[in-house]
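J.: Got a predicted structure plus its sequence, pasted below:
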Amino acid sequence: MAFRPWTPRLLRGLSARSLAGLGERKLSSLSETAGEYVETSFGRRTLRLETGRIAHLADGAVFASVDGTQILATAVGEPRSEAYAQGFVDLVCDYTEKNHAYGRMPVVNRQRERTSGGYEETLISRSIDRSLRPLFPKNFVGKCQVTSTLMSNMMTISCDVLAINAASAALYISSIPWGELGPLAAVRVVAREGELLVNPEPEMRTTISEFDVEGTQDGGLDLLYAGTKDKGVMIEMAGVRVTNERLEEAIHLAQSKLGGIIDGIRDLGEKAKNSPRKCEKSKTYIAANGVEAYEDEAMQKFGDGFRRIFLNPPEGRNAREEALWSERKSARSGVASLLAERNEIGNAADLSNLSSEVVASVESRIFRENVFKVHRDTKEQGSHRKRARIDGRGIDEIRPLSAEAGILERPHGSALFSRGDTQVLTTASIGHPDLATRIIGPSHAQTYKRLHAMYEFPPYCTNEVRNNMQGRRELGHGALTEKALRHAVPMDSEETYYIHTTTTASNGSSSMGSVSAASLALYDAGIDLYGGLVAGISMGLVSQLSEGGQFEYVILTDIMGLEDFLGDIDFKIAGTVDAITAMQLDMKLPGVPPEILIQAIRRSQPARAQIIQTLQKALPHPRPRPESTPKIEYMELKTWERKEISVHGFSNLSEFTAKSGCHLKLYKGSIVLFGSKEERDRAKKMIRMFFGDLEVGKEYQIVVTKILEYGVLVDLTKGSEMPQESLESESEELTSLAKEGFIHSSNLSTAYLKHSSDFCRVGDEFCAVCIGRQPLSGRQEFALKGVHVQSVLAQ
């Protein structure tokens, strides 16, 4: 009987011509729904951006793919007509990864897959948000949501790079007015073996185990760079002691690779613009009345109060904030009265919002004017870079520093670091190897994340009343601390390190204070760092357009909270004295030329050196580890001992761990002990008692448990030479661990015995001498030769 291929029931009975026609209709329907696409160079591969075929009802939707790795990015806006400036961009960026993207099904709940992002997804969502937000128009109102979903992952490209480019394209082709200042693109630059690679495969990225921490200072570099054609917007970087020169080369290379991708996004926008599916850009996203119409008049009437505060500020953060808040309240009331007299705004809510935005714009303008005026005056008077800031510092001057190590008794390491009014309390804990997070790489190779950092920002640090919840910001700052210290901790150690930083007082740059305090806490825990202590500093920028239209700027070192709020960028840079380990760039401007960013990187070096000098005064070298600090120790096992351990499914190791407090694990023929010296000693005594390690030649009290033809099995009830002091209290707990021994017939009596039962019975007690251990079974061997018999057999 000939084999007939299986066909669905609905297709049975159709002729070949009918089937062919069905196929033609299917293809024609796909061609009708097929959208526009462009292809552009993406490193050594090709980036394809497609729109119009999937999620066609969204304001903007782009399906981006690189060699089988595919991401769907959508942008949806909710405009507000006749609205006024709201002072912020109501933008939400979400990145999620589905299990089907990796060719697997959900493990926990197979009926409903989670929609909220995990740890890595949250960090990528932050990268997308920080890239897109600066390019929105100044008077943008309404809501905007950008969603990026990983649909397929062939491990051909880093997902964060592809997600940023897809989100940029989705916003650019949408009806949301975002593209006037953009679009932007993103690339990843990786340094491998002295070569800079653009958008390499994920397996080429430098990972924890692949960094050469003991090699040259240029041991590895992983740079995520987003920007427009001529300006940088967002930076994330992790590396191993990267020199300034190497980093400058990577930034220039990344900037040069953005143009081709941006041209491709613009081409896609032109094709989407000509498509009947897309409408014109909506004007309802732009505020009907911006602050520009009222700013000059408000400057004349209410600006003097801000000028007095900026020129002669009160001492201390709280005093300055109180003075500024009082002046803001008074100015808002005056602006609201001015607007109410004109009867231009009838809605009370819009009147309040617009008044707040006008006052905020006035405060920002006066802040910038004061910085540039004082800076020019001091330069002309010869005192270069002096007293150009609200707290009287020069533009490259750091706030007063202090550091203390070992302020907490029980933690393995602790440190308190202060920079001005910003104060961070950090602890470092040492954990056993099993606490490392397993990471499955693109080639299914496993690596382990052995450094974990948590950042906490409680309400009292800013003297506020609010919820104390972990948000995206806290997760991002914790990840930045990990990047800064990840390749400084010893790679040859199997220990796991946990860092917990609590901001006890904040007036700007608490994340970089966390890095400085964390490195000192690791020193206090006795952990040596490759390259020495690591410090962090936040660099700021204040810019304005001169009367001639020239872009003027001043770079600030160690920005405080008010300078972060009113300034243009927050450039976090962490590293050793002469090299950089991590960076993160956030900005409000629609981009900054790379040359200015490089200047900020160079100016951060003396600041880091000054902070490290303060840390070294507190603790110049890693503290010797006390006996209470956990440590790894290996206990080699013989073949029979490994067999005995595994007989009961390693449950005995769990019992030892619970009773001794020392973490135990069988690894490559040895028991790995992790704990303090007291815990390790207690665990080793339990293990010795479990195996019955007795001293040869010593006498022990035994009882017969079983009669064999060639000998007897005995049970060790108590030993005259065993360490009684520490084991007497544990004898009741360890009775289940008592081991049996063996006495051969030749060792029972000097006379010939036909059978062992001719000499003894079950339950008889003897005083026997330990003569060794059986090589195969591992039983202790005893002998009764010359030993007085305690129980006489019945005749």
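T.: Nice, I can see it.
J.: okay, now the closest residue to Pro459 other than its chain neighbours: neighbour count?
T.: Using CB to CB, 6 or more residues apart in numbering and skipping residues adjacent in sequence, the residue nearest Pro459 is Arg466, 4.8 Å away. Quick note: C-beta positions are derived from backbone N, CA and C, even for glycine. Arg466 has 8 neighbouring residues, counting by other CB atoms under 10 Å.
J.: do the same with Phe551
T.: 12.
J.: Bridging across strands, which residues link to it?
T.: Leu545 (DSSP bridges).
J.: isn't it right up against Asp568?
T.: No - using CB atoms under 8 Å, Phe551 makes no contact with Asp568, being 11.1 Å away.
J.: overlap in contacts of the two?
T.: Common neighbours of Phe551 and Asp568, using CB atoms under 8 Å, 6 or more residues apart in numbering, are Ser543.
J.: In terms of secondary structure, what does the biggest helix by length in the chain contact?
T.: Taking DSSP state H as the criterion, the chain has its longest helix at helix 348-380. Contacts defined by 3 or more CB pairs under 8 Å, 6 or more residues apart in numbering; DSSP states H and E place helix 348-380 against helix 292-311, helix 317-342, strand 535-545, strand 551-557, helix 561-566.
J.: right, and the ones you listed - which one's nearest Gly232?
T.: Of all the helices and strands packed on helix 348-380, it is strand 535-545 that lies closest to Gly232, at 11.8 Å by CB to CB.
J.: Quick check: buried residues in the closest one?
T.: Under the neighbour-count criterion of 16 or more other CB atoms under 10 Å, strand 535-545 has 535-544 buried.
J.: Are we agreed that the residue nearest to Pro459 is in a helix?
T.: No - looking at Arg466 with DSSP: H, G, I helix; E, B strand; the rest coil, it is coil, so not inside a helix.
J.: Let me know whether it touches Pro458 as I believe.
T.: No - the pair formed by Arg466 and Pro458 falls short of the contact definition of CB under 8 Å, at 9.4 Å.
J.: re earlier: and the longest helix of the chain, what's its mean pLDDT?
T.: Per-residue pLDDT over helix 348-380 has a mean of 80.
J.: Could you figure out how far that helix is turned away from helix 292-311?
T.: 50 degrees (axes from the mean of the first three to the mean of the last three CA atoms, to 10 degrees).
J.: list the buried ones in helix 348-380?
T.: Buried residues in helix 348-380 (16+ other CB under 10 Å): 350-351, 353-372, 374-375, 378.
J.: starting at the chain centroid, how far to the helix or strand just after that helix?
T.: Using DSSP states H and E, the helix or strand that follows helix 348-380 towards the C-terminus is strand 401-405. Strand 401-405 sits 25 Å away from the centroid of its parent chain (CA atoms, centre = their mean, to the nearest Å).
J.: just checking, what packs against strand 401-405?
T.: By 3+ CB pairs under 8 Å, 6+ apart, strand 401-405 packs against strand 413-419, helix 510-524, helix 594-618.
J.: and the shortest one, how far from the chain's centre?
T.: Using CA atoms, centre = their mean, the distance from the centre of strand 413-419 to the centre of the chain it belongs to is 21 Å.
J.: List the neighbours of that strand that are in contact with it.
T.: Taking CB under 8 Å, 6+ apart as the rule, strand 413-419 contacts 398-408, 423-429, 505, 509, 513, 516-518, 520-527, 558, 611, 615, 618, 623.
J.: mean confidence for it?
T.: 97.
J.: Tell me what angle it forms with strand 535-545.
T.: Using the same axes, to 10 degrees: strand 413-419 against strand 535-545 is 30 degrees.
J.: list the buried ones in strand 413-419?
T.: Those would be 413-419, for strand 413-419 by 16+ other CB under 10 Å.
J.: in the stretch 51-200 of the chain, which segments are predicted with low confidence?
T.: 81-86, 107-117 (pLDDT under 70).
J.: C-terminal to the lowest-mean-pLDDT helix or strand in the chain, which secondary structure element comes first?
T.: Least confident helix or strand, the chain: helix 16-33 with a mean of 36, by mean pLDDT, DSSP states H and E. Sequence order places strand 36-42 as the next helix or strand after helix 16-33, per DSSP H and E.
J.: helices or strands up against that next one?
T.: Looks like strand 36-42 contacts strand 45-51, helix 258-273 (3+ CB pairs under 8 Å, 6+ apart).
J.: Identify the residues contacting that strand?
T.: 46-52, 66, 157, 199, 260-261, 263-265, 267-268, 271-272, 275.
J.: Next one: Leu784 relative to Gln701, how far apart?
T.: 12 Å (CB to CB, to the nearest Å).
J.: Neighbour count: those two, which is higher?
T.: Leu784 (21 against 15).
J.: how about that one, what does it touch?
T.: Contact analysis of Leu784 by CB under 8 Å, 6+ apart lists 743, 747-749, 766, 768-769.
J.: quick revisit: deepest-packed of the helices and strands packed on strand 401-405, please.
T.: helix 510-524 (a mean of 30; mean count of other CB atoms under 10 Å).
J.: picking up where we left off before, look up phi and psi at the residue nearest to Pro459.
T.: Backbone dihedrals for Arg466, given as degrees, to the nearest 10, come out at phi -160, psi 180.
J.: where's it relative to Tyr460, distance?
T.: For Arg466, the distance to Tyr460 - CB to CB - is 10 Å.
J.: Same check on Ile407?
T.: Taken as CB to CB, the span from Ile407 to Tyr460 is 18 Å.
J.: likewise Asp564?
T.: From Asp564 to Tyr460 the distance is 20 Å (CB to CB).
J.: and the two? which has more neighbours close in?
T.: Neighbours of Asp564 and Tyr460, each counted by other CB under 10 Å, are more numerous for Asp564; the result is 18 against 12.
J.: For Leu753, give its distance to Val762.
T.: Taking CB to CB, one finds Leu753 at 16 Å from Val762.
J.: Would you agree Arg682 is in contact with Gly661?
T.: Yes - using CB under 8 Å as the test, Arg682 is close enough to Gly661 to be in contact (7.3 Å).
J.: Compute the number of surrounding residues for Gly87.
T.: Neighbour number of Gly87 under other CB under 10 Å is 13.
J.: just the helices and strands packed on helix 348-380: most buried one?
T.: Most buried among the helices and strands packed on helix 348-380, counting by mean count of other CB under 10 Å: strand 535-545, with a mean of 24.
J.: who's Met583 bridged to?
T.: Under the criterion used (DSSP bridges), Met583 bridges to Met237, Ile573.
J.: do the one 4 residues further on as well
T.: Taking DSSP bridges as the rule, Met587 bridges to Ile569.
J.: so what's it up against?
T.: Counting by CB under 8 Å, 6+ apart, Met587 has contacts 134, 233-234, 541, 568-570.
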